[in-house]
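J.: okay, here's the prediction I keep looking at, along with the sequence it came from:
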Amino acid sequence: MRRHYERLRAAGDTLLTSNLVLAETATRLRYDGGLTAALMFRSLVEDAVGRSRLAVRYSDAELDAQAWDVMEQYSDRALSFVDCVGAVTAREGRAAAVFGLDSDFSVLGFALEP
């Protein structure tokens, strides 16, 4: 994962995520790695945003409604709300691929990296 991320950075790609993904990640880091790990993640995110390497889409009523629509459209899959927000965010941003760990994004029509 890290090497792939470094290749994306070297290529000058800008990553796109939602604040819900950041919240989910920070929470997992806090629980599994402790406060220091979560705060290091915050610093990395702030640095990436500051250097225009990462864009963050903040959830709002319209994004939430579209995410619920995705969840309903793919009712045969147990998609998380955060994944549905991610799918809408990726579509809005015309993402070439999704940097992720599970196959749900492939089902949603995205190329999955790494």
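T.: In hand now; what should we look at?
J.: lowest average confidence, helix or strand, in this structure?
T.: In the chain, no helix or strand scores lower on mean pLDDT, DSSP states H and E than helix 2-10, which sits at a mean of 83.
J.: does that helix pack against any helices or strands, and if so which?
T.: If contacts are counted by 3 or more C-beta pairs under 8 Å, 6 or more residues apart in numbering; DSSP states H and E, helix 2-10 sits against strand 98-99. Placement of C-beta: from N, CA and C, glycine included.
J.: name the surrounding residues that touch the next helix or strand after the strand it packs on.
T.: Next helix or strand after strand 98-99 toward the C-terminus (DSSP states H and E): helix 104-107. Helix 104-107 is contacted by residues Tyr74, Arg77, Leu79, Ser80, Asp83, Gly86, Ala87, Ala90, Val98, Leu112 when judged by C-beta atoms under 8 Å, 6 or more residues apart in numbering.
J.: I figured the first one hits Gly109, correct?
T.: No - contact criterion C-beta atoms under 8 Å: Tyr74 and Gly109 do not qualify, at 10.2 Å.
J.: neighbour count: those two, which is higher?
T.: Tyr74 (16 against 10; other C-beta atoms under 10 Å).
J.: report the contact partners of the more buried one.
T.: Shown in contact with Tyr74 (C-beta under 8 Å, 6+ apart): Val107, Leu108.
J.: how near is it to Thr25?
T.: According to C-beta to C-beta, to the nearest Å, Tyr74 and Thr25 sit 23 Å apart.
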